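Novice: can you look at this prediction? I've put the sequence above it.
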Amino acid sequence: MTDESAGAQAGSRGQGDAAQAGGNGWRAVSIVLVGAFMALLDTTIVNVALPTIRTALHASPASLEWVVSAYALAYGLVLVPAGRAGDRFGHKPLFLIGLTIFTLASVVCGLSQNQGEIVAARAVQGMGAGIFYPAIAATIQLSFTGPKRSKAFGMLGATIGVSTALGPVLGGLIIAAGGAKGGWRWVFLVNLFIGIVALPLAAWLLPAARSRTRRSFDPVGLGLLSAALLLLMIPLVEGEQIGWPAWCYACFAGCVVAFGLLAWWELRTQRRDGDPLLAPRLLAQPSFSAGAIFAIVYFAGFTSVFFTLSILWQEGLGRSALMTGLVIVPFSFGSLVTAANSDKLSARLGRMVLIIGCVLVGAGLGLVTLVVHLTAPSTDGWYLVGPLLLAGLGSGMVIAPNQDFVLAQVPRREAGTASAVLGTSQRIGSAIGIAVIGTVLFGTLHVRRVPDAVAIAFSHSAQLALLSNVAIVVLALLLVLALPRKIPDRRS
């Protein structure tokens, strides 16, 4: 199972005894895999639609960042509480509720008339994804045991890889078919047709059994975490556009205070034998805390690359959404190839597979930057095939085995909580990455009165943004050194 699916296990603990192998098992799993496909497709498909959204809704650069970040942030924040709610009330109703919210919010996104509406709808859409996503692994746990369960988790990993890889190309095809003005709307509206089919099938086929686990929700912890992240994200996204007024720095100070209060509250909850949101006893383990930080940093570094390339290719170079999607294909293909073989690479190389992966990602993005520098303003997609393929090969080596290394020294009884924290870390990292890279990209964008001014300006800003991505990946590489050298065999 890849690192993208870490949050899927938030509510899956304790359900192994309820596993049932029946004729409906594979049909139930196939339905939740449709949900996984929808949730993860929407993390990448929207990138190619951003320039047309900007034109159609007269959206500001900050709003474009929020279109991506609001989804990832809401998605990540809801994962842990949704997993706990599934433990208490059953994962089937949570899947149905979450998928319904996701589908309806997708329709609102597609019908949005201004930038405020689409940002709000994207946040609700992310919340819906976060609500139903933990039920996916729980359904697999409930439906199968032994080799069949492993096969089902393998199908989940394949679904994650395919949906992420297809997103940019599928988005480009939909926009091309729907037209330059309204094609972006169908990027969201297509979820309605999938939801209409998936919801009744889910109500019919998903098992209704509950686990014996009872979890609290820690609403104070969730509120403090949400406040801290918003105090960080709002000035990061809005500050550059409005000239960094004093309230931006006040928000940063408030963010530090909120994180301090969060740490105090979670430690207090743990001392009173409560059920804290972020499990300080896990974060006290150096390998796990380094792994959670690694997840934030790495996802901040690589997911925002697609944001930069989409803006550069369409707004800067005047290419179509379809061509933008095709440019990203080498990265997606490379990631699929190495992810499919990452278990063998991990067994043979140990922690070195993560080091090699980060080096390849950093080198690939560095070469992308060099190619843009040397060929601007006439950069062609063919020039980027090799560098993006190299970065994709590295990313597949990092994402797929990362969870095993991060969880290597976590007791089995804490595996579900640890996986949920990692899933939240990934989504938060994606949101922060968009905010930081978007600030660099748009903050350095200055169009001058010279030939090819737009292409030159966007190429220059894209280079600075990509160099920032390289720096973030290098930081992630340093964090790898805190992870175990080998994945221990945890049989007890």
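Specialist: Happy to help now that I have it.

Novice: what residues sit buried inside the worst-scoring helix or strand of the chain on mean pLDDT?
Specialist: Lowest by mean pLDDT, DSSP states H and E among the helices and strands of the chain is helix 342-349, with a mean of 75. Buried residues in helix 342-349, counted by 16 or more other C-beta atoms under 10 Å: 342-343, 345-346, 349. (Each C-beta comes from the backbone N, C-alpha and C, glycine too.)

Novice: let's have those in CSV, adding distance to Gly274.
Specialist: Formatted as CSV, these follow (distance: C-beta to C-beta, whole Å):
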residue, distance to Gly274
Ser342, 37
Asp343, 37
Leu345, 40
Ser346, 35
Leu349, 40
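
Novice: now for those residues: which two are most distant?
Specialist: Asp343 and Leu349 (11.3 Å; C-beta to C-beta).

Novice: other SSEs contacting the helix or strand that contains Val440?
Specialist: Assigned by DSSP states H and E, Val440 belongs to helix 415-443. Packing partners of helix 415-443 (3 or more C-beta pairs under 8 Å, 6 or more residues apart in numbering; DSSP states H and E): helix 61-89, helix 219-242, helix 280-283, helix 286-311, helix 385-406, helix 453-480.

Novice: how about that helix: buried residues?
Specialist: So, applying 16+ other C-beta under 10 Å, buried residues of helix 415-443: 416-443.

Novice: repeat that for stretch 311-331.
Specialist: 311-317, 319-331.

Novice: and the gap between Phe333 and Thr369?
Specialist: To Thr369, Phe333 is 21 Å away according to C-beta to C-beta, to the nearest Å.

Novice: now Gly128
Specialist: Gly128 is 36 Å from Thr369, by C-beta to C-beta.

Novice: so those two - more neighbours on which side?
Specialist: Ranked by neighbour count (other C-beta atoms under 10 Å), Gly128 and Thr369 place Gly128 first, with 29 against 20.

Novice: surely the more buried one and Phe102 touch.
Specialist: Yes - proximity of Gly128 to Phe102 meets the contact threshold set by C-beta atoms under 8 Å, at 3.2 Å.

Novice: next, Pro276: secondary structure please.
Specialist: Here Pro276 is recorded as coil under DSSP: H, G, I helix; E, B strand; the rest coil.

Novice: revised request: answer the last question for Gln113.
Specialist: Gln113 falls in the coil class when you classify it by three-state DSSP.

Novice: surely it touches Leu57?
Specialist: Yes - assessed by C-beta under 8 Å, Gln113 is found in contact with Leu57 at 7.3 Å.

Novice: higher neighbour count, these two?
Specialist: Leu57 (20 against 9).

Novice: per-residue confidence for the closest residue to the more buried one other than its chain neighbours?
Specialist: Counting by C-beta to C-beta, 6 or more residues apart in numbering, Gln115 is the residue found nearest to Leu57 once chain neighbours are left out, at 5.1 Å. Gln115 carries a pLDDT value of 94.

Novice: do you know how far Gln115 is from Gly254?
Specialist: Gln115 is 25 Å from Gly254, by C-beta to C-beta.

Novice: neighbour count winner among the two?
Specialist: Higher neighbour count among Gln115 and Gly254: Gln115, with 20 against 17, using other C-beta under 10 Å.

Novice: quick one: contacts for that one?
Specialist: Shown in contact with Gln115 (C-beta atoms under 8 Å, 6 or more residues apart in numbering): 57-60, 63.

Novice: again, only this time at 7 Å
Specialist: By C-beta atoms under 7 Å, 6 or more residues apart in numbering, the contact list for Gln115 reads 57, 59-60, 63.

Novice: go on, Val436?
Specialist: Contacts of Val436 (C-beta under 7 Å, 6+ apart): 236, 300, 468.

Novice: next: Ala482.
Specialist: 286-287, 290.

Novice: switch to 6 Å and redo it
Specialist: Ala482 is in contact with Ala290, counting by C-beta atoms under 6 Å, 6 or more residues apart in numbering.

Novice: what does it show for phi and psi?
Specialist: phi -90, psi -10 (degrees, to the nearest 10).

Novice: shift numbering so it begins at 6
Specialist: Sure, I'll start counting at 6 from here, so that last one is Ala487.

Novice: next, the nearest residue to Leu204 once chain neighbours are set aside: phi, psi?
Specialist: Closest residue to Leu204 apart from its sequence neighbours, by C-beta to C-beta, 6+ apart: Leu104 at 6.0 Å. With angles defined as degrees, to the nearest 10, Leu104 sits at phi -70, psi -30.

Novice: Leu104 touches Phe137, doesn't it?
Specialist: Yes - the criterion here is C-beta atoms under 6 Å, and Leu104 meets it with Phe137 at 4.9 Å.

Novice: anything in contact with each of the two?
Specialist: Gly40.

Novice: gap between the two ends of stretch 375-386?
Specialist: In stretch 375-386, first residue to last residue: 14 Å (C-alpha to C-alpha, to the nearest Å).
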